[in-house]
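Asks: Please find the sequence and the predicted model below.
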Amino acid sequence: MNKYNHYMKYKKGLAENDKQILSSKARSSKPLSINQRVAQELAEVKAKNQILREAIRLNEIDSLSKKYLNSHFNKEVMVKFVIMMMMVMGCNSGGVKEVEEVGLQEVGGLKLGDTTKSIFSAFVDLITNSLGISVTNSTKKSDISDKFKDLVNAIDKAINQVQEVASKVGINVEESQDGSIGQAKKTLNELKKHITSLQTLINESMVVSGVTANVATAVEGVGSSVEDVKGALKALKGIVNFSVKKSTVSKNETVSNEEKEGGKVLKTTGGGGAVEGDAAKALSIVTSVTGEDMLYAITSAEDSDVVAETTISSATQPKHAVKLAVTGAATTADNAQNASKLALAGGIALRSLLKGGKLDASAAKTSTNAVNGVGVSAVNKLLKAIESITKIIVSQCLEQTEQILLKSNRKAFNYI
């Protein structure tokens, strides 16, 4: 048998191997776990590698055919490595060890092990370290700003690495069609823009809530500037627009007679008067709503809503959260009865988070500690909601990228 016929024989062998794999997958009715899927992908690569190595060992393929088969095999290896890397995103590091231990060689000037490890690290940073924002009574607003900055850097790193790998398998990442890697890149860039905006709006050394715990000093409530509240509203709207639940807000519950003094933490006149009992009622209001509802309530507002609400009981709609966050708000806050709980909670969160914003507290450690705790609780809820949507956005982009690379992999092997 001449070398051309041997080459065609092994080309056919690879095609038959593909059919067997697809048939085996079709017979499997039980969904595979991520680790099982990774193991399956590795097994497929090893099977094809065995066929090719056997042909090379027997010297039955000439140098030109060997080069041709090697190039296609390497292309599949690259695609599968990217797919496996995507599959273990967000999981524990056990999956990474399996990938790293395969020990594949450099392909087209790109070291696959190093590249996949780098991309994996970027997205792990994105999903865990960069998003692991937890506010305490001593957390400064600038600390949260730094976390957002880390998040932006992680997104940048991830975009660049995915682009590099995609280009190595012949995918044009600049195409922005629906369902393309280019579209996924565009989405991540939009996310980065909104997070960068938030990062600049909270970058100051003041503690979250504007009230320092364990210090017996009165703090007069102050709203954030109209420009900053509008900027935050625009950024949060941009993030929420990626969520399928962006129009969903739970029932608008109102502040009861028993909780009406909770609005005092938002007062902006009087030189600091909210005491521990007022803060306890404000905390009751904050804990009665979810961070997700708080976020959607805030983003239901428009720029025209960002004006001071002098009478807190008039903040009857969830979108009025922006009115309670802005400077000059709540000069009359002794009675918050019938106000929207979402408006109060959202207003507390925004004012506690944005530059210049302060809650109101009287000159006693018990008061400053309690008011600080209200701000911390509200901000944590809001940040967790932002984190949740961000994770969804990233996961969707990764899944989209995985599917495109998988299709590219199948197309590549139509020639073998």
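Replies: Right, received. Where do you want to start? Numbers count the residues shown, from 1 in each chain.
Asks: Doesn't residue 351 belong to a helix?
Replies: Yes: assessed with DSSP: H, G, I helix; E, B strand; the rest coil, residue 351 lies in a helix.
Asks: Got the phi and psi for residue 308?
Replies: In terms of degrees, to the nearest 10, the main-chain angles of residue 308 are phi -70, psi 140.
Asks: I'd assumed residue 328 was in contact with it.
Replies: Yes: contact status for residue 308 versus residue 328: in contact at 3.7 Å, counting by C-beta atoms under 8 Å. For glycine as for every other residue, the C-beta is placed from the backbone atoms N, C-alpha and C.
Asks: Now the common contact residues for those two.
Replies: Residues touching both residue 308 and residue 328 (C-beta atoms under 8 Å, 6 or more residues apart in numbering) are residue 223.
Asks: would you put the C-alpha positions of stretch 379-398 in PDB?
Replies: Only the C-alpha atoms of stretch 379-398 are listed here, as PDB (Å, rounded to 0.1, in the frame of the first residue of the first chain):
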ATOM      1  CA  VAL A 379     -24.800  48.300  50.800                       C
ATOM      2  CA  ASN A 380     -24.000  44.600  51.100                       C
ATOM      3  CA  LYS A 381     -27.400  43.700  49.800                       C
ATOM      4  CA  LEU A 382     -27.000  46.000  46.800                       C
ATOM      5  CA  LEU A 383     -23.500  44.800  46.000                       C
ATOM      6  CA  LYS A 384     -24.500  41.200  46.200                       C
ATOM      7  CA  ALA A 385     -27.300  41.900  43.700                       C
ATOM      8  CA  ILE A 386     -24.800  43.600  41.300                       C
ATOM      9  CA  GLU A 387     -22.400  40.600  41.800                       C
ATOM     10  CA  SER A 388     -25.100  38.100  41.000                       C
ATOM     11  CA  ILE A 389     -26.000  39.800  37.700                       C
ATOM     12  CA  THR A 390     -22.300  40.200  36.800                       C
ATOM     13  CA  LYS A 391     -21.700  36.500  37.300                       C
ATOM     14  CA  ILE A 392     -24.700  35.700  35.000                       C
ATOM     15  CA  ILE A 393     -23.300  38.000  32.300                       C
ATOM     16  CA  VAL A 394     -19.900  36.400  32.500                       C
ATOM     17  CA  SER A 395     -21.300  32.800  32.500                       C
ATOM     18  CA  GLN A 396     -23.500  33.600  29.500                       C
ATOM     19  CA  CYS A 397     -20.500  35.000  27.600                       C
ATOM     20  CA  LEU A 398     -18.400  31.900  28.500                       C
END
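Asks: buried stuff in that stretch?
Replies: If you call a residue buried by 16 or more other C-beta atoms under 10 Å, then stretch 379-398 has these buried ones: 379-387, 389-390, 393-394, 397-398.
Asks: Repeat that for stretch 310-324.
Replies: 312-315, 317-324.
Asks: Ok, stretch 144-164 next?
Replies: 144-145, 147-152, 154-155, 157-159, 161-163.
Asks: Identify those among the buried residues of stretch 379-398 that sit within strands.
Replies: Among these, no member is found in strands (DSSP state E).
Asks: Domain-wise, how is this protein divided?
Replies: 1-111, 209-391 (automatic domain parsing).
Asks: and which of the buried residues of stretch 310-324 is nearest residue 235?
Replies: residue 322 (12.8 Å; C-beta to C-beta).
Asks: wait, doesn't that closest one sit right on residue 304?
Replies: No: Residue 322 lies out of contact with residue 304 (C-beta under 8 Å); the separation is 10.0 Å.
Asks: in the protein, which spans are helices?
Replies: Counting by DSSP state H, the chain has helices at residues 3-27, 34-57, 63-87, 94-100, 112-124, 141-168, 181-201, 226-240, 276-287, 291-299, 321-325, 341-353, 365-412.
Asks: Rounded mean pLDDT for the third one, please.
Replies: It refers to helix 63-87. Mean pLDDT, computed over helix 63-87, is 49.
Asks: Renumber starting at 140 from here on
Replies: Sure thing, new numbering starts at 140, so read that last one as helix 202-226.
Asks: who touches the residue nearest to residue 486 when sequence neighbours are not counted in this structure?
Replies: Leaving aside its sequence neighbours, residue 486 sits nearest to residue 463 (C-beta to C-beta, 6 or more residues apart in numbering; 2.8 Å). Taking C-beta under 8 Å, 6+ apart as the criterion, residue 463 is in contact with 362, 405, 448, 451, 454, 469, 482-483, 485-487, 489-490.
Asks: Any regions of the stretch 390-539 of the chain where pLDDT drops low?
Replies: 468-472 (pLDDT under 70).
Asks: any low-confidence regions in the stretch 140-289 of the chain?
Replies: Residues of the stretch 140-289 of the chain that meet the cut-off, pLDDT under 70, sit at 140-271.
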